[in-house]
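Visitor: next one to model:
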Amino acid sequence: MYSLTTSSTIDKIFDLLRPSCKGMTRSQVYTDIARRLSTLASKNPPWSWRYVQGIEAMTIEPSPHIDQAIHSLLAFLTNTEPAQIYSPSETVQLQALTGTIIPGAWVLSKSLSCAHPACTINFIPRVPWQKYCPLHKRR
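Guide: Numbers count the residues shown, from 1 in each chain. Alright, predicted model coming up:
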């Protein structure tokens, strides 16, 4: 799935933040990482330091949401393009309403085919339960 395991990615983040966290206990560093991840992912309530530590220790399976945030934080801290961290990824052409997608933006969800029998439109749902494209949404 990813070129780096989530556990080793947290370990790498821990090493990158170590110089700025001198004098902090290990749990305080995990708290700082959890705060950064929660901010990055707009997670409220925020993830706990124990959740982050459990993921690194491989005693807790990471959710897709925190997994994405962990890899994004590593890309930010290393000043790396996310494409070098996320693998496999590909560049594709999209049709979008003018001004809704910034060129080069990452789409992190799967596209669906409209559930309307006569429709051939593929779309990216706004919510997980969306089944119909905007032209055939149920009113």
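Visitor: residue 102: how many residues sit nearby?
Guide: 8 (other Cβ atoms under 10 Å). All C-beta spots, glycine's among them, are computed from the backbone N, C-alpha and C.
Visitor: can you verify it is assigned to a helix?
Guide: No - looking at residue 102 with DSSP: H, G, I helix; E, B strand; the rest coil, it is coil, so not inside a helix.
Visitor: and it, what pLDDT?
Guide: Looking at residue 102, its pLDDT reads 81.
Visitor: and the residue lying closest to residue 53 once chain neighbours are set aside, how far is that from residue 108?
Guide: Counting by Cβ to Cβ, 6 or more residues apart in numbering, residue 30 is the residue found nearest to residue 53 once chain neighbours are left out, at 4.9 Å. Distance from residue 30 to residue 108, counting by Cβ to Cβ, to the nearest Å: 25 Å.
Visitor: what of residue 94?
Guide: According to Cβ to Cβ, residue 94 stands 13 Å off from residue 108.
Visitor: where along the chain do the helices fall?
Guide: 6-17, 26-40, 49-56, 64-77 (DSSP state H).
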